[in-house]
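> please find the sequence and the predicted model below.
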Amino acid sequence: MENDLAQNLALLCSYHSSIAEACRRLQINRQQFNKYLSGQSHPSRRNMRKLCDFFGVTEAEILMEPAQFEQIVALKRKPDPLPQMRRPLLHLEALYRRSLSMEKYVGYYYRYFYSFGNKGLITRSLATIYADGGRYYWKNIEVLRDPDTGKTKGMNKYTGALFYLADRIHIIEYETLDFKSITQVTLYASHQHRLLRLMGIQTGGPTRRGRKPGASKVALDFLGRDVDLRKAMARIGMFHPDSGEIPADIVALVANDVPPGAYVLEVDEP
């Protein structure tokens with residue numbers, strides 16, 4: 001019977017990514033579990049119940065002759081949902097493995113671009129790149145402040161992940177309040193000794209403009225690693241290009257012009 005249990009446990013574990021993963025989810029010590037697999041030890045009543053509940057079998061079934069047990073498992077086994085949950089993460093893991101260090105870019109930025117949902121206005125938002133566990137992440141805050149009255153009409157908060165691939169910085173962000181907006185940003189990497197500005201293109205489809213997606217040039221001005229957040233927040237909002245609030249060189253850089261013969265929106269390398 002011990003040998004039957006050991007073979008049946010091995011069969012059940014084969015439906016999972018690893019024995020270690022099964023032990024982790026069962027919260028059973030790996031060394032003890034190995035004794036069950038080798039037939040050296042029989043599970044306690046408590047652990048037998050945990051095993052049966054986890055693998056979706058009865059105690060009578062798990063003690064059956066292995067050939068019969070295998071037939072029963074084949075009939076009743078439900079797909080393990082965890083690999084399905086992990087599948088999208090595998091793509092992110094692949095990108096992270098190839099992504100280079102972005103320690104140079106950690107800090108705060110003003111982000112400039114022509115608003116997708118407020119025609120003719122330039123948005124200045126406050127963004128930060130930060131590291132956690134050797135990976136790099138992004139946060140961005142937009143305040144929808146009327147450029148004529150200064151009245152605040154709302155706020156957007158974004159968070160996301162960054163990858164440094166093929167000498168370009170890639171940001172994928174999503175809006176955290178309603179989860180209805182995803183933006184993808186591609187920036188030139190900076191090879192200057194002192195980090196000043198990053199330029200690129202962003203695409204997205206903010207809900208305030210309906211279903212129509214859009215693309216725009218985007219500029220990130222580096223503020224430093226430590227800033228007065230209250231003062232920095234006070235300067236963000238939406239502005240008329242000729243208001244004097246936005247530096248003239250920024251206004252020119254984020255202008256979304258497609259010159260004759262170009263056909264697509266492109267950004268020249270700084």
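Good, I have the coordinates.

> how far away is A189 from Y114?
23 Å (CB to CB, to the nearest Å). No exception for glycine: its C-beta is placed from N, CA and C like everyone else's.

> V227 now?
For V227, the distance to Y114 under the criterion CB to CB works out to 24 Å.

> those two: which is more packed in?
Neighbour tally, V227 and Y114, criterion other CB atoms under 10 Å: the higher count belongs to Y114, 20 against 15.

> what is the burial count for the closest residue to the more buried one other than its chain neighbours?
Spatial nearest neighbour of Y114, excluding adjacent residues (CB to CB, 6 or more residues apart in numbering): S216 at 5.2 Å. Counted by other CB under 10 Å, the residues lying close to S216 total 20.

> check which helix or strand S216 maps to.
strand 214-224 (DSSP states H and E).

> hang on, the earlier thing: isn't the residue nearest to Y114 up against L253?
No. In this structure, S216 is not within contact of L253 by CB atoms under 8 Å, at 11.4 Å.

> list residues touching both of these two?
Taking CB atoms under 8 Å, 6 or more residues apart in numbering as the criterion, S216 and L253 do not both touch any residue.

> on that earlier part again, residues in contact with the residue nearest to Y114?
With contact taken as CB under 8 Å, 6+ apart, S216 is in contact with 113-114, 116, 201-202, 254, 256, 265.

> from those residues, which single one is nearest Y158?
Distances from Y158 to these, taken as CB to CB, are shortest for Q202 (11.1 Å).

> three-state assignment of that closest one?
Under the three-state scheme (DSSP: H, G, I helix; E, B strand; the rest coil), the conformation of Q202 reads as strand.

> what's the burial count for it?
As a burial measure, the neighbour count of Q202 was computed by other CB under 10 Å and equals 19.

> isn't it up against I182?
No. Q202 sits out of contact with I182 when judged by CB under 8 Å, with a separation of 10.9 Å.

> for this protein, which strand extends over the most residues?
Secondary structure of the chain read by DSSP state E shows that its longest strand is strand 152-165.

> which parts of stretch 215-222 are buried?
For stretch 215-222, the buried set under the neighbour-count rule, 16 or more other CB atoms under 10 Å, comprises 216-222.

> export the residues you listed to a markdown table and append columns for pLDDT and distance to I236.
Listed next are those as a markdown table, based on pLDDT from 0 to 100; distance: CB to CB, whole Å:
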| residue | pLDDT | distance to I236 |
| --- | --- | --- |
| S216 | 95 | 17 |
| K217 | 97 | 18 |
| V218 | 98 | 15 |
| A219 | 98 | 14 |
| L220 | 98 | 13 |
| D221 | 97 | 12 |
| F222 | 98 | 15 |
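
> on that earlier part again, following the chain onward from the strand holding S216, which element is next?
helix 229-234.

> could you export that next one as CSV, CA atoms only?
What follows is the C-alpha trace of helix 229-234 in CSV, where atoms were taken according to Å, rounded to 0.1, in the frame of the first residue of the first chain:
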residue,chain,number,x,y,z
LEU,A,229,7.3,66.7,-4.4
ARG,A,230,4.9,69.5,-3.3
LYS,A,231,6.6,72.1,-5.5
ALA,A,232,6.9,69.6,-8.4
MET,A,233,3.2,68.7,-8.1
ALA,A,234,2.2,72.4,-8.1
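
> nice, that's everything, thank you.
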